[in-house]
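1. Got a sequence here, can you model it:
(chains A and B)
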Protein chains: 2
Amino acid sequence: MSTTTDHGDVGPRIQVACPAPHAEHERVLLGHGSGGQLSAQLLHELIVPSLGPAAADICLDDAAVLDLGTVGRAAVGYGEGWAVVTTDSFVVDPLEFPGGDIGALAVNGTVNDLAMRGAQPVALAVALIIEEGFPLADLRRIVRSIGRAATEAGVPVVTGDTKVVGRGCADKLFITTTGIGHRTPEARCSASAIESGDAVILSGPVGLHGVTILATRENLGFDADPELHSDTRPLHRLVQTMLDVGGADVHALRDPTRGGLASALNELADTSGVGIVLEETALPVPPVVAAACELLGLDPLHIANEGCCVAFVAPGAADAVLAAMRACPEGAQAVRIGTAIADSPGRVVLHTLVGAYRIVDMLVGEQLPRIC
Amino acid sequence: MSTTTDHGDVGPRIQVACPAPHAEHERVLLGHGSGGQLSAQLLHELIVPSLGPAAADICLDDAAVLDLGTVGRAAVGYGEGWAVVTTDSFVVDPLEFPGGDIGALAVNGTVNDLAMRGAQPVALAVALIIEEGFPLADLRRIVRSIGRAATEAGVPVVTGDTKVVGRGCADKLFITTTGIGHRTPEARCSASAIESGDAVILSGPVGLHGVTILATRENLGFDADPELHSDTRPLHRLVQTMLDVGGADVHALRDPTRGGLASALNELADTSGVGIVLEETALPVPPVVAAACELLGLDPLHIANEGCCVAFVAPGAADAVLAAMRACPEGAQAVRIGTAIADSPGRVVLHTLVGAYRIVDMLVGEQLPRIC
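-> Numbers count the residues shown, from 1 in each chain, chains lettered A, B, ... in the order given. The predicted structure follows:
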């Protein structure tokens, strides 16, 4: 059991809403990795302040943009920077699941973090922490999956590291992947570039990864459904196509991983100051995801995804970008799901099937630990 | 308990000497992380082949050099590349020890891997895997140490990730640090550049880190000795000074971490095809290290270091480089310990106190698990 927090998934609004640390929180809790309030507290009240001046340039987004031309000073931001770096530890349990495994997830997740900053992957570094006694056959299968995913994404593994820790000192295998990318000059792709009127486009169905992990881990029976498999896949080619067609009209990109689409949209609304209206009729929720969520009392919009992205595109370019996305295999099911509006800044609302409006909140607390 | 392998620490000679996998090795053993034969087998027979084409450009050295100008293709090597990348997971046990902690070690170790390729650090990415229940006060102290070490090294933490796994699923805290560096054009610093006649210069005393970890973990009593503390420190400024003075005459650099000075020199001798003669009288072994090693039956040349480096310098530049090193705090105790020779290619021999010669072998098997 565990939960996860990407530093990039926590917006500044949460920081303000955080309670002060309490005595009962004086140990790390699973909730500190949930992506919710405790995560924000850990990041904003402990990690960033403790790093001190070293964190002055820290990027709380999916990936940091570096100006490597300025030796000794990493200019994070969209100035002259063109190298992009991202790091993520993967601790998913189980290691293998329908549609993928920890190896493919580590490669694709890292490639996608780069892609969401408009960058194409150039190199991967892969660090393994292995528990003593882990079967070599399983390791071989997972490393092959890393190799296959990297080859499919067209990115070489350029360096790595392997540590072995004793039995009981790690749970089978953890993988930390770092991606170095090259940002295309036209890509700015920043939450702050979102404008009211932007079309909100989703590249594919939501909820598959999270429900697959849950069903596999808890033996819920859904995993026998051939429709149920993780959507893990690399999105950098799709993003490149979108940028080729939409250029600077592609204002922002985000892959709705932990916390799901709801959390991603709330963060973007918060950072950009727009409101977002979603059309429930347009939301692509596969029947198996809908059924599992209904049974378990989960909201599909809070379920993690590993192979779709949400884009904010200027209205004049939306149709062309959407058409280009649909011409890509990974965007074949792309749909426009909503619109950014000037009203209700920072809010995400759902225009429901029955015509009502309900507020879509961020995920609070932990939902599905060790999802990636 | 664990052992560790940096992909960079395994030379091609070991690969040839590896036995085929045996049935009894069909699970990961602590020895697979030792840096010895099993490590080489894991790397060369499982990891690299399993990665397939994705590993075509993999760098088995401390850090990979990338040509970021060539999008989608990482040209690893010394061609036009100028960005250097390295990744390492740190699993040291205990987390805190005299002279440092896992945080400082993670920063300094990564900075030093860059420095050994002649690169100055530009940015760090830090990924934490934390066990549920880990005290927040300890986490704060260690993250502060990361921040302090990064500030001292002059390198910002630009991005990060935090995962929390359940109790018993990790041993307290693991840190994976990735460093991006900028390689100065004059620095080639490659084992293959070593020539016979080169002076072998060591920047400081050996054995402190490994003996400190062992003494602290096993309560050997040595840890009460104020002389005994880890030598963890960043070496990039020392390296820059050496390159400023020696330029292309600084042929190779290596930090003798796991496997100690003996393993580092054997790898360099093997790769370059020279022999190396060390003068025992010149080797700086602190009395506390010598005493601990004598008691425990260890060879100080096999003990891990985290704050010294060995350099191969053309004879004409050796005195100037040595003098420049001694003017730096981290090189104040630098000494010339030997010479590269054309005879005995691939061998490291020690000219002992009594005038005899003995062969200095690589570390075989595991010695001190979870040393970094």
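
2. Look up the closest residue to the residue in the stretch 201-350 of chain A positioned nearest to chain B, ignoring the ones flanking it.
-> As assessed by C-beta to the nearest C-beta, chain B sits closest to residue A:236 within the stretch 201-350 of chain A, at 9.6 Å. All C-beta spots, glycine's among them, are computed from the backbone N, C-alpha and C. Spatially, and ignoring its direct neighbours in sequence, residue A:236 is nearest to residue A:115 (4.1 Å; C-beta to C-beta, 6 or more residues apart in numbering or on different chains).

3. Now do the contacts for the one you found.
-> A:121, A:181, A:234, A:235, A:236, A:238, A:239, A:253, A:255, A:309 (C-beta atoms under 8 Å, 6 or more residues apart in numbering or on different chains).

4. let's go with 6 Å and repeat that
-> Applying C-beta atoms under 6 Å, 6 or more residues apart in numbering or on different chains to residue A:115 gives the contacts A:235, A:236, A:239.

5. Let's see if you can find the most crowded of these.
-> Most neighbours among these, by other C-beta atoms under 10 Å in any protein chain shown: residue A:239, with 32 neighbours.

6. As CSV, could you dump the C-alpha coordinates of the helix or strand harbouring that residue?
-> Per DSSP states H and E: residue A:239 is located in helix A:236-246. The C-alpha trace of helix A:236-246 is given here as CSV (Å, rounded to 0.1, in the frame of the first residue of the first chain):
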residue,chain,number,x,y,z
HIS,A,236,4.9,12.9,-27.5
ARG,A,237,4.0,12.2,-31.2
LEU,A,238,0.4,13.2,-30.6
VAL,A,239,1.6,16.4,-28.9
GLN,A,240,4.0,17.1,-31.8
THR,A,241,1.1,16.7,-34.2
MET,A,242,-1.0,19.1,-32.2
LEU,A,243,1.8,21.6,-32.1
ASP,A,244,2.5,21.3,-35.8
VAL,A,245,-1.1,22.1,-36.5
GLY,A,246,-2.0,24.4,-33.6
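
7. Not counting that helix itself, show me its contacts.
-> With contacts defined as C-beta under 6 Å, 6+ apart, helix A:236-246 is touched by A:111, A:115, A:120-121, A:187, A:250, A:313, A:317, A:320-321, A:324, A:328, A:330-331.

8. Tell me the buried residues within the residues you listed.
-> A:111, A:115, A:120-121, A:187, A:250, A:313, A:317, A:321, A:324, A:328, A:330-331 (16 or more other C-beta atoms under 10 Å in any protein chain shown).

9. any idea which of the residues you listed is least confident?
-> Lowest-confidence member of the buried ones among the contacts of helix A:236-246: residue A:187, scoring 73 (pLDDT).

10. How many residues are close by the nearest residue to that residue once chain neighbours are set aside?
-> In this structure, residue A:187 finds its nearest non-sequential neighbour in residue A:118, 2.5 Å apart by C-beta to C-beta, 6+ apart. Residue A:118 sits with 28 neighbouring residues when counted by other C-beta under 10 Å.

11. Show the pLDDT at residue A:118.
-> Reading off the model, residue A:118 has pLDDT 89.

12. contacting residues for it?
-> Contacts here follow C-beta under 6 Å, 6+ apart; on that basis residue A:118 touches A:183, A:187, A:189.

13. what do you get for residue A:112?
-> Residue A:112 sits next to A:235, A:255 when contact means C-beta under 6 Å, 6+ apart.

14. at 7 Å instead, please
-> Listed by C-beta atoms under 7 Å, 6 or more residues apart in numbering or on different chains, the contact set of residue A:112 reads A:234, A:235, A:255.

15. is it true that the last one touches residue A:309?
-> Yes: applying C-beta atoms under 7 Å, one finds residue A:255 in contact with residue A:309, separated by 4.7 Å.

16. what residues do the two have in common as contacts?
-> Contacts common to residue A:255 and residue A:309, judged by C-beta under 7 Å, 6+ apart, are A:116, A:235.

17. So for the two, which residue has more residues nearby?
-> Neighbour count, other C-beta under 10 Å: between residue A:255 and residue A:309, residue A:309 has more, with 26 against 23.

18. Check the more buried one and give its pLDDT.
-> Looking at residue A:309, its pLDDT is 97.

19. Could you check how far it is from residue A:327?
-> Distance, residue A:309 to residue A:327, using C-beta to C-beta, to the nearest Å: 16 Å.

20. Please list the residues of the stretch 151-300 of chain A that sit near chain B.
-> For the stretch 151-300 of chain A, the contact set with chain B under C-beta under 7 Å from any C-beta of the partner chain comprises A:151, A:154, A:156-166, A:168-171, A:174, A:176, A:178, A:180, A:182.

21. switch the cut-off to 6 Å
-> Contact residues (C-beta under 6 Å from any C-beta of the partner chain) of the stretch 151-300 of chain A with chain B: A:151, A:154, A:156-166, A:169-171, A:174, A:176, A:178, A:180, A:182.

22. now, which of these lie within helices?
-> In helices, defined here by DSSP state H, the members of those are residue A:151.

23. Secondary structure element for residue A:130, which one?
-> In this structure, residue A:130 sits in strand A:119-131 according to DSSP H and E.

24. Alright, calling it a day.
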